[in-house]
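Participant: Structure, please.
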Amino acid sequence: MKDLQKLSRYLKTTFHYLTFIVPLFIVALWFLKEWPPLYHAIRIGGFLDYVATPEGHLNLATANLTLTSIIIGCFAQLLGALPYILGFSLLKTLFNNYQQRQIFISANTQIYKKIGWLAFLNGLLFIPFAQTLLVLAATLSNPPGHRYITLSFTTPNFEAILCGFLIIVISLVMQEAQALQDENQLTI
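Facilitator: Residues are numbered from 1 along each chain as shown. Presented below is the predicted three-dimensional model:
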């Protein structure tokens, strides 16, 4: 149990910091992408990926984007990261419970269910809309007739939906196990 408490403390701290670092990192990438010390790292590290437009792939790290495009792109990536940021917050709470030796409680099953719904909604809504906004940001500075809004539903969407569904099912199994444990504790 001591190992679980120690690991939970580390993970709780990690997810706490990630809740704040991820959004700050995204905003810094978009608004400081032309800053020379960061520009090379962004280009080489692939932090701003390629976006598939009807005219081909466009590298966002090297694209000439207007301020409006940068704001839309930053918002799109923040929207795409929102389920993860909320998930980090939920995981922080879960590992706090584990650190307090509260393993089989109903609050943990609810956290797992919320994480499952976040993953499910990520695949169904967040990924498609974030990609739509990224394509818009990438093509907004194009001349009229070459600006695009696309909506796609691809393999990552199905993967996120499937993972979310599986996590929801696991949370339901955990809920039943927790109910059986509560029933056994009441039996003399």
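Participant: now the helices for the protein?
Facilitator: Ranges of helices within the chain are 2-31, 36-45, 67-99, 106-121, 127-139, 155-186, based on DSSP state H.
Participant: mean confidence for stretch 106-119?
Facilitator: Summarised as a single mean, pLDDT over stretch 106-119 is 95.
Participant: buried set for that stretch?
Facilitator: Asn108, Thr109, Gln110, Ile111, Tyr112, Lys113, Lys114, Ile115, Gly116, Trp117, Leu118, Ala119 (16 or more other C-beta atoms under 10 Å). Where C-beta positions appear, they are placed from N, C-alpha and C, glycine not excepted.
Participant: if I look at the most centrally placed residue in the chain, how far off is Ala160?
Facilitator: The residue lying closest to the centre of the chain (C-alpha atoms, centre = their mean) is Tyr84, at 2.6 Å. In this view, Tyr84 and Ala160 are 11 Å apart by C-beta to C-beta, to the nearest Å.
Participant: hey, what's in contact with both of the two?
Facilitator: Asn122 (C-beta atoms under 8 Å, 6 or more residues apart in numbering).
Participant: Flag the shaky bits of the protein, pLDDT-wise.
Facilitator: Scanning the chain for pLDDT under 70 picks out 36-50, 61, 188.
Participant: try 90 this time
Facilitator: 1-4, 25-26, 28-66, 69-70, 103-106, 131, 134-157, 177-188 (pLDDT under 90).
Participant: give me every residue that touches the nearest residue to Ile170 once chain neighbours are set aside.
Facilitator: In space, and not counting its chain neighbours, Ile170 is closest to Tyr112: 6.4 Å by C-beta to C-beta, 6 or more residues apart in numbering. Tyr112 makes contact with Leu94, Ile167, Ile170, Ser171, Met174 under the criterion C-beta under 8 Å, 6+ apart.
Participant: if I read this right, the last one contacts Asn108, doesn't it?
Facilitator: It stands for Met174. Yes - Met174 is in contact with Asn108 according to C-beta atoms under 8 Å; the separation is 7.3 Å.
Participant: ok, back up a step: how about the contacts of Tyr112 in TSV, adding neighbour count?
Facilitator: Listed next are these as TSV, based on neighbours: other C-beta atoms under 10 Å:
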residue	neighbour count
Leu94	22
Ile167	19
Ile170	15
Ser171	20
Met174	17
